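Visitor: Sequence plus predicted model, see below.
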Amino acid sequence: MSNRLPDKERKMRKQPVSDRRAFLLSAARAIGLAAMGGLVWSAYVDEVRASELLLRPPGALKEEEFLRTCIKCGMCVEACPYDTLLLAKPGDQKPLGTPYFVPRDIPCYMCTDIPCVPVCPSGALDIESVSTDNELDINIADMGLAVIDHESCIAFWGIQCDACYRACPLLDVAITVEYEKNARTGKHAFLKPVVHADACTGCGLCEHACVTEKAAIFVLPREVAMGKAGTHYIKGWDKKDERRLEGASSKTTTTEISKKSAVDSLNDSGDLY
Amino acid sequence: MKHLYDKYRFLFLRRLTQISLLLLYIAGNYLGWTLLMGNLSSSSILGIIPLSDPYAVLQMFAAGAALSANLLIGAAIIVLFYFVIGGRAFCSWVCPVNMITDAANYLRRTFDFDKIQKKQPASRHIRYWIIGLSLIISVAFGVAAFEFISPVSMVHRGIIFGLGFGWAAMLVIFLFDLFVLKNGWCGHICPIGGFYSLVGRFSLLRVHHNEAHCTLCMKCKVVCPESQVLHMIGKKSIPVLSGECTNCGRCVEVCDDDALEFSIRKFIEASSSQPLKENIS
C-alpha cells in the first residue's frame, strides 16, 4: 500500500505526453471547434438566403444571384435622390447590408437617369437589364409586381377611387380601369383597377398612393406574386408563348395502372373491392 | 506638450486617419460629397478610382459570383497598397473596430486585468481557420459567407448608413476583448486581419529594432496588440518581419530608448546581419 501511491504519482509525473497524442488532440479540438462554428455559421447564412419578401433596386439580378454579387457598399443607396433605398441593418431581418425599399414608406420614383444603377461596382445592379438600345430605360425595370386585394380595395366595393391608377407612372398601361355594372344598385358602375403584369415595374407608387388603412394594392417580388403554368400548358394561339416549348423535353411516367392499356385498367376492377 | 506628442504621435495620427475617413464616408452619404463614396466593402474616390475589400472579393469568387472589372481593379489597388505599406495597417489606421478594441485594451491595462488573466486560452491562428471556413461556406452556399456576419462591416455601415442593432455588435466585441480574451477580436478571430497579415508578409514599411539601445523595459511588449511579433526585443537587431504586425507604431512611441523605429525594410542588412552576428557569438 505504501509503495503504491508514490508509484502512481511517479507514473503520472514522469510519463511525458507523447507529441503524437498532443498533436492528435489539438487537431481534433480544432476540427471540433471548426465544425461547431461552421454549423452555426452555415445555418445563419442559409436562413438569410431564404428571405424572399424583399424589393430590390431597379436592375437587380435574380435574388440568388444578387445575394452572391452584391458587395454591400451602399453606393446605390447614396445615389438615390428620394431616400427610397435602404441598407439592411441588424434588426431589419433582411440580408445584412443589402439594399431594399419599402414602397408604402417611400416608393421608387423611377428617375429616367436611374442614378442607383450605374454606380454599382459589382454588377449586382445590371445596366443591361434596364437599357433598351444602349440607353437607360426605367420603364422596363422589374422590381416586383403590384397585386390587388379585391376584398379591401374600395373600388371593388363600388366606391369611386382611382388613386393607384392616377399614381402609376405608366398611366393606363400598367394599371387600367375596367368598367362593370354594379348589380347591387342597378344604376352605378364599378371602376375596377387591373394591373398588367407585363408592364408593371413594381415601383410601388400605387401602393404609396392607396387610400385604405393598409394598402389594398401592394408590390411583391415577381416570383412571389406569380404562379407558373409550366410547359404542360401552352397558349397554342400565341406565337410568343409557344416559344416556351423550345428545349422542353417529354417524359412518360409509368405507374402500376398505366402499365396496362387504359381500357384494361378500367375493366379490371378486381383490386378495388 | 512635447512629451505628449512624442508618446502619442502615431496614436494621434491613427485616430485622425480613422475618424477623417469615417467623416468622408458619412459626407459621401449625407452631403453627396464624391471624394469618398461607399463603405469599406467597396468604395470609389471621386467616382473614378474604385476600391474594394479583397477578402470580400475572394469570398465572392468562392461563391461563384461573376466578378466585375471594377471590383477586380479595386481589390488589386487595395492589395498593392497594403502590400507596400504593411498589410495590417488597415487594422490600426483605417478599421473603426480598432477604436473599440483599443479602448478595451486600454482598460485591461489600466485595471491590471492582464496580470490576473495571464494565460491566453486561445490561439492566434484561429483567424486563419476562419478564413478557410468562410471560403468553404461561401462555396457551399453560394454567398460571401463572412460578409453576412462581419461585425466590422456592420459597425462601419452602421456609422455611415444607420446603426440599427449594430451597437450590439460593438458592445459584444468590446466586452469580449475587455473580459474574455485580450486582443480577442482583432488579434485572434477577425479573418480580415488574418487576410491582411498574409497580404503584408513582405511589405516594405517595417518597425526596426535596435538591440544596442534596448534597456529591456518591455513597455513595447505591454502595449503591443500582437506582442508575439516582438519576439526579438532585447535579443536581435532585426526588423519586425511578421505580417501580423499592424504597423500601429505604439511600440515606437512608448520606447524611451530609441530602440524601435519605422523604416523601409532593410532587405540586405536584415538577411546579412543575422549570420554575421551568429559568427561573432
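Guide: It's in.

Visitor: ok, which residues in the stretch 101-250 of chain A are in contact with chain B?
Guide: For the stretch 101-250 of chain A, the residues in contact with chain B (CB under 8 Å from any CB of the partner chain) are A:119, A:121-123. (Glycine included, C-beta is placed from N, CA and C.)

Visitor: Could you export these to CSV, including columns for pLDDT and secondary structure?
Guide: Formatted as CSV, those follow (pLDDT from 0 to 100; DSSP: H, G, I helix; E, B strand; the rest coil):
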residue, pLDDT, secondary structure
A:Val119, 91, coil
A:Pro121, 92, coil
A:Ser122, 91, coil
A:Gly123, 90, coil
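
Visitor: now, among those residues, which is nearest to A:Cys76?
Guide: Nearest to A:Cys76 out of these is A:Val119 (CB to CB; 6.2 Å).

Visitor: A:Cys80 is in contact with that closest one, correct?
Guide: No: applying CB atoms under 8 Å, one finds A:Val119 not in contact with A:Cys80, separated by 9.9 Å.

Visitor: Check the stretch 101-250 of chain B for the residue nearest chain A and tell me.
Guide: B:Gly164 (3.0 Å; CB to the nearest CB).

Visitor: Please give the element, helix or strand, for that residue.
Guide: B:Gly164 is part of no helix or strand when elements are defined by DSSP states H and E.

Visitor: Just give the closest residue to A:Cys200, not the sequence neighbours.
Guide: Nearest residue to A:Cys200, sequence neighbours excluded (CB to CB, 6 or more residues apart in numbering or on different chains): A:Ala174, at 4.4 Å.

Visitor: hang on, the earlier thing: which pLDDT does the model give the residue of the stretch 101-250 of chain B closest to chain A?
Guide: On the pLDDT scale, B:Gly164 is placed at 79.

Visitor: Check A:Ser269 too.
Guide: On the pLDDT scale, A:Ser269 gets 60.

Visitor: can you map out the helices along chain A?
Guide: A:4-14, A:19-50, A:63-69, A:75-79, A:163-167, A:205-209, A:222-225, A:239-242, A:262-267 (DSSP state H).

Visitor: one step back: out of the residues of the stretch 101-250 of chain A next to chain B, what pair is the most spread apart?
Guide: Pairwise over those, using CB to CB, the maximum falls at A:Val119 and A:Gly123, 11.5 Å.

Visitor: Which of the three states applies to the residue nearest the centre of chain B?
Guide: Per CA atoms, centre = their mean, the C-alpha nearest to the average position across chain B is that of B:Cys91, at 2.2 Å. Put simply, B:Cys91 is helix when judged by DSSP: H, G, I helix; E, B strand; the rest coil.

Visitor: Could you tell me the model confidence score at A:Met110?
Guide: 94.

Visitor: A:Gly204 is in contact with that one, correct?
Guide: No: in this structure, A:Met110 is not within contact of A:Gly204 by CB under 8 Å, at 9.9 Å.

Visitor: Please compare those two by neighbour count and tell me which comes out ahead.
Guide: A:Gly204 (29 against 17; other CB atoms under 10 Å in any protein chain shown).

Visitor: what sits against the more buried one?
Guide: The contact partners of A:Gly204, by CB atoms under 8 Å, 6 or more residues apart in numbering or on different chains, come to A:55, A:101, A:103-104, A:107-108, A:143-144, A:146, A:218-219.

Visitor: Quick one: check the longest helix belonging to chain B for contact with chain A.
Guide: When chain B is parsed with DSSP H, its longest helix is helix B:2-30. Yes: contact of helix B:2-30 with chain A (CB under 8 Å from any CB) involves B:28-29.

Visitor: That helix: which residues count as buried?
Guide: Across helix B:2-30, burial judged by 16 or more other CB atoms under 10 Å in any protein chain shown covers B:10-11, B:14, B:18, B:21-22, B:24-25, B:27-29.

Visitor: got it, and stretch A:185-192?
Guide: Quick answer for stretch A:185-192 (16+ other CB under 10 Å): A:190-192.

Visitor: The contacts of A:Gly204, buried ones only, as a ChimeraX selection?
Guide: Here is the ChimeraX command that selects the buried residues among those (16+ other CB under 10 Å):
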select /A:55,101,103,107,108,143,144,146,218,219
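
Visitor: Looking at the contacts of A:Gly204, spot the one nearest chain B.
Guide: Of all these, A:Phe101 has the smallest distance to chain B: 13.7 Å, by CB to the nearest CB.

Visitor: got a list of what A:Met110 touches?
Guide: A:58, A:138-139, A:141, A:169, A:201, A:203, A:205.

Visitor: Give me the neighbour count for the closest residue to it other than its chain neighbours.
Guide: Using CB to CB, 6+ apart and skipping the chain neighbours, the partner closest in space to A:Met110 is A:Ile138 (4.6 Å). A total of 20 residues lie near A:Ile138 under the criterion other CB under 10 Å.
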